[in-house]
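J.: Based on what follows, work out the 3D shape:
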Amino acid sequence: MAAEGEYAGWTSAALKEIWQENARARQALLDEVGGLSEAQLAFQPAPGKWSIGEILDHLGLAEQSIARVVSKILQRAAGRGLIGEPGNMNPPPYPIDLDMYNQSAAAPESVRPAPEQPLARLLGNLQESRERLLEVTRRADGRVVGGVTIRHFQLGELHFYQWLALEAAHESKHLTQIRQIRLHLDFPGS
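T.: Below you'll find the predicted structure:
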């Protein structure tokens, strides 16, 4: 997975900044999970808690979901004439409320993971979901998307740029969880 390519060539400063952060978060995730054994991927720190493998599956499913939401926002914005040229429109601010977001929340059913998948499949799914999100995002490069929001189950109404910025926040949130699992006293050795 070439993280550099995720933000190279953007004409939009906002998209370049967002994708730099997305690439950084993805690379940190890959660095953390590369080479884990099947036992390490399947280890659950407590009954009912996700394993690292389940977290990786969840991240791929969630990124696919974000790609669908971003695509829907682009369609709605285009239909309402809310995609403009830089200078005519400015991108809205895109910070998300990390204090709110980092609170524990149950994942929606659509992004709940399957247990015990091999690392190669999980990493392949992450690559596919990343390629899809990049493909959808590139449709808006060099233009400004404004005025359309879709509700996030935890954060409320988010616009195009916030949904994209959510990707890095989501992976960073779960990277912290993965690191905690790896520190568990019963975590299997390699």
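J.: where does this protein dip in pLDDT?
T.: Applying pLDDT under 70 to the chain flags residues 1-8.
J.: which residue sits closest to the spatially most central residue of the chain, ignoring its sequence neighbours?
T.: Using Cα atoms, centre = their mean, the residue of the chain that lies closest to the mean C-alpha position is residue 167, 2.7 Å off. Once flanking residues are discounted, residue 167 sits nearest to residue 22: 5.1 Å by Cβ to Cβ, 6 or more residues apart in numbering. Bear in mind the C-beta positions are built from the backbone N, C-alpha and C, glycine included.
J.: any idea how far residue 27 is from residue 171?
T.: 10 Å (Cβ to Cβ, to the nearest Å).
J.: When these two are compared, which one has more neighbours?
T.: residue 171 (25 against 16; other Cβ atoms under 10 Å).
J.: Name the nearest residue to the more buried one, ignoring sequence neighbours.
T.: Per Cβ to Cβ, 6+ apart, closest to residue 171 is residue 25, 4.2 Å.
J.: count of neighbours near that neighbour?
T.: Around residue 25 there are 20 residues (other Cβ under 10 Å).
J.: can you pull the contacts of it?
T.: Shown in contact with residue 25 (Cβ atoms under 8 Å, 6 or more residues apart in numbering): 167-169, 171-172, 175.
J.: Export these to TSV and append columns for distance to residue 181.
T.: Formatted as TSV, these follow (distance: Cβ to Cβ, whole Å):
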residue	distance to residue 181
167	21
168	20
169	19
171	15
172	15
175	11
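J.: ok, and for the helix or strand where the residue nearest to the centre of the chain lies, which residues are buried?
T.: Taking DSSP states H and E as the definition, one finds residue 167 inside helix 160-182. Residues 160-175, 178, 181 are the ones in helix 160-182 that count as buried (16 or more other Cβ atoms under 10 Å).
J.: which non-adjacent residue is nearest residue 174?
T.: Nearest to residue 174 is residue 55, by Cβ to Cβ, 6+ apart, at 5.1 Å.
J.: So the one you found is in contact with residue 176, correct?
T.: No. At 10.5 Å, residue 55 and residue 176 do not qualify as touching, with contact defined as Cβ atoms under 8 Å.
J.: how about stretch 10-24: buried residues?
T.: 10, 12, 14-24.
J.: what's next to it, contact-wise?
T.: Against stretch 10-24 from outside (Cβ under 8 Å, 6+ apart): 3-4, 6-7, 86, 91, 94, 134, 137, 140-144, 161, 164-165, 167-168, 171.
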